[in-house]
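*Asks:* below are the sequence and a predicted model for it; my questions follow.
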Amino acid sequence: MTAADLHIDHLRLGYDTPRGLHTVVDGFSLTLEGGHIGCLLGPSGCGKTTVLRAVAGFEPVRGGHIRLGDQLLSAPGVHLAPERRQVGMVFQEYALFPHLTAAQNVAFGLRRQPRPAQEARVRELLGVVGLAEAASRYPHELSGGQQQRIALARALAPAPALLLMDEPFSNLDGATRQNLTVQVRDILRAAGQTAILVTHHEAEAHTMADRIGVMHNGRLAQWREMARPV
C-alpha cells in the first residue's frame, strides 16, 4: 500500500426535498497527509458521518470534490463506485457475515493472497484486538464489543489506501476502549495507513489523531495539527 493524501475541497452535501435541496454539509475543505490519522470531532447531527459516507462513496456530492492521491473519487457528475475506491470502513454496526467464523470474517478481504500470508495476517489482527482465542467462534457466539473488534480487524486486514472509522470503539467498555484506541493507532502508524476517525469522544480523538477537525452545523470550524508522540 502506498500512502495517499486525501483532499476534500469545498464539499457540499445534502438531500432533495419538495422545497429544494436541504444542505447538510457546506464549504467543507481539508487535506490529510498520507500515512496520517485525522479525526472529525463533534456532536451528533453536525455532519461528520455524512462526510465520511461521501468519502466512502455512499453519499452523492452536490458541490466540490474528493480526491485520494491522484484519483478523483467524487465531484458533481463524477462518482467512483465504493468498491473501486480502495477505502475500508468500520461502521457502528458490526456487519459481520453470520455464517463465517471470526477468523474467516477477518480473512474475507484477503482471498487473493497466499494462504500462509492470510493466516499470518489474521493471527496478527486477532491478537491486536484481543480476540486470538475467538478465532473459531461465530458472530452469534460473541458479545457486541467482540463483534465490533472483529469488524475492525476485517477492515484493517487488506491494508486499504484509506480507512474510515465511524465511532468504532463506542460499544466497548472504558478500559478496553482506551487500550484498543492506542493499539489501533500504533498499528495504523506502523503500516503508514491513512485514516479518518469520526467520534464525539474528545479524549479518543486526542489519543488517536494527528489532525483534529472540529465540526459545527455542517461546517469545519477548525482543522488543527496535534503533537505526534515519538
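*Replies:* Yep, that arrived.
*Asks:* how distant is the worst-scoring helix or strand of the chain on mean pLDDT from the center of its chain?
*Replies:* Within the chain, no helix or strand scores below helix 174-191, which has a mean of 83 by mean pLDDT, DSSP states H and E. With CA atoms, centre = their mean, to the nearest Å as the basis, helix 174-191 stands 14 Å off its chain's centre.
*Asks:* which helices and strands sit right next to whichever helix or strand comes after it?
*Replies:* Downstream of helix 174-191, the first helix or strand assigned by DSSP states H and E is strand 194-199. Strand 194-199 is packed against strand 37-41, helix 48-56, strand 162-166, helix 202-208, with contacts defined by 3 or more CB pairs under 8 Å, 6 or more residues apart in numbering; DSSP states H and E. No exception for glycine: its C-beta is placed from N, CA and C like everyone else's.
*Asks:* now do the second one against strand 194-199, angle only.
*Replies:* Going back to what we said before, that points to helix 48-56. Here helix 48-56 runs at 150 degrees with respect to strand 194-199, directions being taken by axes from the mean of the first three to the mean of the last three CA atoms, to 10 degrees.
*Asks:* ok, now the third one?
*Replies:* For strand 162-166 and strand 194-199, the angle between their directions (the same axes, to 10 degrees) works out to 10 degrees.
*Asks:* same for strand 162-166, what does it pack against?
*Replies:* In this structure, strand 162-166 packs against helix 48-56, strand 87-90, helix 144-156, strand 194-199, with contacts taken as 3+ CB pairs under 8 Å, 6+ apart.
*Asks:* just say which of the ones you listed is most tucked in.
*Replies:* strand 194-199 (a mean of 27; mean count of other CB atoms under 10 Å).
*Asks:* between it and helix 174-191, how many degrees?
*Replies:* Relative orientation of strand 194-199 and helix 174-191, computed by the same axes, to 10 degrees: 160 degrees.
*Asks:* hey, what's the spatially most central residue of the chain bridged with?
*Replies:* The centroid of the chain falls nearest to residue 164 when counting by CA atoms, centre = their mean (1.5 Å). Note on residue 164: beta-bridge partners by DSSP bridges are residue 89, residue 196.
*Asks:* so it touches residue 194, yeah?
*Replies:* No. Shown here, residue 164 and residue 194 do not form a contact pair, counting by CB atoms under 8 Å, at 10.0 Å.
*Asks:* residue 221: what's it in contact with?
*Replies:* Residue 221 is in contact with 214-215, counting by CB atoms under 8 Å, 6 or more residues apart in numbering.
*Asks:* any idea how far residue 165 is from it?
*Replies:* With distances taken as CB to CB, to the nearest Å, residue 221 is found 21 Å from residue 165.
*Asks:* pLDDT score for the nearest residue to residue 98 once chain neighbours are set aside?
*Replies:* Excluding the flanking residues, the one nearest residue 98 by CB to CB, 6 or more residues apart in numbering is residue 139, at 5.3 Å. You'll see residue 139 listed with a pLDDT of 96.
*Asks:* determine the number of other residues adjacent to residue 139.
*Replies:* For residue 139, the neighbour count with other CB atoms under 10 Å is 19.
*Asks:* and it, what does it touch?
*Replies:* Contacts of residue 139 were listed using CB under 8 Å, 6+ apart, and they are 94, 96-98, 100, 102, 105, 147, 150.
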